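K.L.:
Output the structure for:
(chains A and B)
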Amino acid sequence: MTSNAKTDIQIAICGSAGDGTIAAGDILKQAMAKAGYNVIAFDVYPPEIRGFGKCVARARITSEQVYSLKGKSDCLISLDDSHAIPHVRELRKYGAAIYEDTPMSDMAEGMHISGHLEPGHLPYGVPMREMSERITSSGRSRNIVAVGYLAGLYDMPAAVFHEVIGEKFARKSPELGASVRSAFDAGFEAGAGSFRLHFDRIGAPGSAGRHVDLIMMSGNQALVRGCLDAGIDTFFGYPITPATTIMEMLAREMPKHGGRLLQTEDEISAISAAIGASYAGARAATATSGPGLALMSEMMGLGAMAEVPMVAFVSQRGGPSTGMPTKTEQSDLNLAVYGVAGDGQRIVLAPTNVEGCWKCAGKAFEMAERYQTPVIVLLDLYLSNRYEAVELPDENPFASDCSKWAERDSRARPYSRYRITDDGVSPRAIPGNPGNMHTVTGLEHNEQGRPNDQPATHQEMSAKRHRKLLPALHHPGITIEKRFGDAGKVDVGILGWGSTFGEILEAMFEAHKLGVSCAAMKVVMLSPLPVDPINAFMDDCDAVLVPELNYEGQFAALVTGATGRAVNRLNRVTGTPMNVHDIVTEICRLAGRTDSIAAE
Amino acid sequence: MAKPEHYVIIGNGVAGGEAAYHLRQRDQASRITMVTVGRLLSINRYELPKLFTEPNLDWRDFLLNPPEYYADQEISVRRNTWVTNVEPTKRQLVLRHRETLSYDKLLIASGGGRHIPEILTQYRDLMMKFGTYEEARSVCNALPKGGHMVMLGGDMIGLDLARALVKGGFRVTVIGKDFLFWPHQLDPDEKESFAQVLRDMGVGVITDYGAASIAADDRGPAVRRIVLASGETLDADVLLSFCGLMPSLAFLAGAGVDLERGVLVDPHLQSTDKNIWAAGDVCQIWSPEEKQYRFYYGWGNVKRMGQIAAFNMTGGDESISTFQDERLVVTGSGEIDSPYWHYGGDSGG
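P.N.:
Next up is the predicted model:
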């Protein structure tokens, strides 16, 4: 390792399902996080449940804090040329391509990746299969040989890979662990022995290395950790990409903590059961994606009307309808914020990074209870599957009970479940509390919960249900919105939400390098919207840009509707994360500049 | 519309690169593919000795053309790729990674590797190489400041390096009983007189005895002990062999193309197969003057061969001049050179 060099290397591993592509990427990112580097990683799976679809694992390894993947990778590993060939264009000039040099069978002209590399790429053909067979008596460890070769070629610390391999395979069998380690070592030796023509160097971990407790987590993993830290009691769900892993992980973990999980027959049952459990006093949640949220919208309305706390984790994917299950998109904002019959406002939180997933998950339960409302935590596939090295505090910051409970056994006066209060939150009771008998219904109701459609009642109750959510804008311990970059007046301000905010920050820093004065604001709470801070931010900006991964500019419309001010929209629906270069180009255009950064 | 011709060139040295350039000039619609075992695009190996005087240079500084040139010219360069067979009847190559590659016209410009005299072949692993950037950089890294390099042979390629090393403050000894000044054939008096020129430059030259054996010394992996036929010993930090070139044509075994030490071609550079040409250090050209096939070395020659091969592969009719002035001369700056060996510094295409 070169101790003084800054590290910023992005690796893309591309293969077919069954090649161990994601497993190889997992070992890489876990090892480098263990070594103290910042790691951002994102895996792409095939849409097919069975078959041989394409998998891509990308990991950006840095010594300094970064916020997104790069548009181009520094190294591409091909475990299946037919899938990797289209990704050759993602490899930067003078980037290294590592590929299989001893395929199983003869191939026609043009089927091997070496014929598709650009003149500026550096080819490293490696007999992965032969090496794997020689070392492990099977070709199945060629992915590990490839990772070993990469580690050797880039002078990565082998010891952390050994640790990760040991941990990963120890549970299966010690023999398998030893065999995999041998495959890694063979690859490492070959890589270390190759002449290095590339110019990337692995330096010391840098400021990231100060943290000894960096944990490599995906957005969904962090979200699950947040649920567990917040003391989730019950979970009801129905599998759907990209939210399925939330339920899978909770299914493993909740029983250890005394919790219960049930896979229901569909999304409607899942949210209905979650509302029922929550009504009964449990901390309850469900998880789904856009199509599931569409099915849940009726029960979301019941939750709002009946003022039942409940948390729904929604990870967006390409839509509408079944859409693009394994592609990322931010096009369910309208559904999350508005998707309900009537004026059914609820809280919508959209974390912008992996740590934010943990925080929003835990705080969602607090908010649901405190404001007696459904809370949607809105992720997308990119954030759900994105890995970052995060450091979580030792102390659990989530309150175990935030409900405003009704006094039990109060016989002095009849219990009014929906009593009008100054803050709009009525003391809550669970069924069976003596003296707290009440009615719960989806019909409009009076303070006792009895159906009532009188004009004054509906007016008053609608105001109550909206008023009670406003304090959420100042809920303790969570960032509702935050400004970054230049202070004071700027040429360009960038408003962002969700997973795209990482790319926005990277773009802002690039724009700073070009001398453009700009600032960025992330908005975590989408409903209710923090209008005053957004207005203050917009006051400082000559032009405001809103980049987001949807076609209609849903957040831009939300902001314009709330502030009455125009914004500049940047919309992409490519199924992939926003390109930093595109944002920088737009920033420069708005600043009256003609330059930008290089496309790579 | 006729299908575009696919020209495949095996090798990406001076001859191959020059041919690719002229093929593109003469046939804009064609496909051009270069195949090479190296990882790099064509480099100017004549300038590799600069690594010893300008150590901060990297491989990009030696590229004959930048990557953009190949993209602009639509020349595909398949690097890190080995040809295992040529099948002239199918007009296809078989690559080591089991892919086939078809061609309409094939140019063999695979050059040559170092030649090691038979008596010393058992010691080949104790000698470093200097043919590619990677090899040159490895030599550079292995040779300590002011260190001692010993060259077996001392051909014209090696003497270019010797000159750069002496300028860089290194010690150089040439064991030049055989192959000194190769490919020039000198009589004993001439050879001694030019050897003296080398000595005057600061290069140690041994012409009485050749190396009899080589051993790895225990001071490090790159340290070698050379035992001369006289019994004297010589210690080297780096040992290299500069005893001429051995054409690289193992992949042509069984292809049906006439071979001797190289690919036999007529003065049009066409082989005995009508779709296969050869250029550069790999080919033996029929010399009508000498009534024999012979090699023509040197930057000027191989560059010209690349041009002529491209010309004839695209329907031209041009012969290479097989006469050359083979005198060895001492230049005004005191360096040994010859008109045909002289490297002019023009990177061609």
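K.L.:
any idea which element A:L197 lies in?
P.N.:
Assignment of secondary structure by DSSP states H and E places A:L197 within no helix or strand.
K.L.:
Hmm, it is touching B:W59, no?
P.N.:
Yes - if you go by Cβ atoms under 8 Å, A:L197 and B:W59 touch, sitting 6.1 Å apart. Every C-beta, even on glycine, is put in place using the N, C-alpha and C of the backbone.
K.L.:
which residues do these two both contact?
P.N.:
Shared contacts of A:L197 and B:W59, defined by Cβ atoms under 8 Å, 6 or more residues apart in numbering or on different chains, are found at B:L40.
K.L.:
Quick one: residues in contact with stretch A:262-278.
P.N.:
A:233-240, A:247, A:251, A:284-286, A:288, A:292-293, A:295-296, A:298-300, A:302-303, A:306, A:308-312, A:368, A:374.
K.L.:
and A:D453, how many neighbours does it have?
P.N.:
Per other Cβ atoms under 10 Å in any protein chain shown, the neighbour tally for A:D453 reads 10.
K.L.:
Just to check, it is in contact with A:N446?
P.N.:
No - using Cβ under 8 Å, A:D453 is not in contact with A:N446, being 10.0 Å away.
K.L.:
Return a ChimeraX selection command for the buried portion of the contacts of stretch A:262-278.
P.N.:
Only the buried entries of the contacts of stretch A:262-278 go into this ChimeraX selection, using 16 or more other Cβ atoms under 10 Å in any protein chain shown:
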select /A:233,234,235,236,237,238,239,240,247,284,285,286,288,292,293,295,296,298,299,300,302,303,306,308,309,310,311,312,368,374
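K.L.:
can you tell me the helix or strand for A:D74?
P.N.:
Applying DSSP H and E, one finds A:D74 within strand A:73-78.
K.L.:
near chain B, anything from that strand?
P.N.:
No - shown here: strand A:73-78 not in contact with chain B (Cβ under 8 Å from any Cβ of the partner chain), separated by at least 11.8 Å.
K.L.:
Which strands or helices does the helix or strand following that strand pack on?
P.N.:
The helix or strand immediately downstream of strand A:73-78 is helix A:81-84, counting by DSSP H and E. Under the contact criterion of 3 or more Cβ pairs under 8 Å, 6 or more residues apart in numbering or on different chains; DSSP states H and E, helix A:81-84 touches strand A:8-16, strand A:54-62, strand A:91-100.
K.L.:
quick one, domains of the chain?
P.N.:
You didn't pick a chain, so chain A it is. For chain A, automatic domain parsing gives the domain ranges A:8-212, A:217-390, A:481-590.
K.L.:
try chain B instead
P.N.:
According to automatic domain parsing, the ranges for chain B are B:6-111+B:248-313, B:114-245.
K.L.:
Now the residue of the stretch 201-350 of chain A found nearest chain B, what are its backbone angles?
P.N.:
Scanning the stretch 201-350 of chain A for the residue nearest chain B gives A:R201, at 13.0 Å (criterion: Cβ to the nearest Cβ). As for A:R201, its main-chain torsions (degrees, to the nearest 10) stand at phi -130, psi 140.
K.L.:
A:S331 too?
P.N.:
Residue torsions, per degrees, to the nearest 10, at A:S331 are phi -110, psi 10.
K.L.:
residues contacting the residue lying closest to it once chain neighbours are set aside?
P.N.:
Nearest residue to A:S331 in three dimensions, chain neighbours excluded: A:N550, at 3.9 Å (Cβ to Cβ, 6 or more residues apart in numbering or on different chains). Listed by Cβ under 8 Å, 6+ apart, the contact set of A:N550 reads A:329-331, A:333, A:571, A:573.
K.L.:
Let's verify A:N550: helix, strand, or coil?
P.N.:
Using DSSP: H, G, I helix; E, B strand; the rest coil, the structure places A:N550 in coil.
K.L.:
Against A:N433, how distant is the nearest residue to A:E407 once chain neighbours are set aside?
P.N.:
Closest residue to A:E407 apart from its sequence neighbours, by Cβ to Cβ, 6+ apart: A:P427 at 7.1 Å. Look at A:P427 and A:N433: by Cβ to Cβ, to the nearest Å, they are 11 Å apart.
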